[in-house]
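S.K.: Here you go, sequence then predicted model.
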Amino acid sequence: MYIPIGGDMAVRRESIVGVFDLDNTTCSKHTRNFLAEAEKEGKVIPVGEELPKSFLLTREMGMERIYLVPFSAATMEKRMRAKRRPYAWLTKF
């Protein structure tokens, strides 16, 4: 199942390792170093034109990628949950 991450992009739910809030995680020098190193290696992919609020760490076929997404980590988590139950919206009625 694919999760929309902004713009016209989507990633496979199974490939998502973690969703991280940029405001909270970039306080750590380790995270800043990790993101800087990934940027040098060409692993960082910005999604859309908006300022990113979170990032997704994915691993698929042995390759790691980091997507800078315009949605909060909480929004991404909701999208991931909703996609696990494709007809979950029917239970509201």
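M.R.: Now that the structure is in, tell me what you want to look at.
S.K.: which residues touch the residue lying closest to residue 2 once chain neighbours are set aside?
M.R.: Residue nearest to residue 2 in three dimensions, not counting chain neighbours: residue 10, with 4.1 Å by Cβ to Cβ, 6 or more residues apart in numbering. Backbone N, C-alpha and C define where each C-beta goes, glycine included. Residue 10 is in contact with 2-4, counting by Cβ atoms under 8 Å, 6 or more residues apart in numbering.
S.K.: Are any of these buried, and if so which?
M.R.: Among the contacts of residue 10, those classed as buried by 16 or more other Cβ atoms under 10 Å are residue 3.
S.K.: SS state for the residue nearest to residue 2?
M.R.: Put simply, residue 10 is strand when judged by DSSP: H, G, I helix; E, B strand; the rest coil.
S.K.: Could I get the pLDDT score of it?
M.R.: Residue 10 is assigned a pLDDT of 91 by the prediction.
S.K.: Looking at strand pairing, list the partners for the residue nearest in space to the middle of the chain.
M.R.: With distances taken as Cα atoms, centre = their mean, residue 56 lies nearest the centre of the chain, 2.6 Å away. Going by DSSP bridges, residue 56 is paired in beta bridges with residue 19, residue 67.
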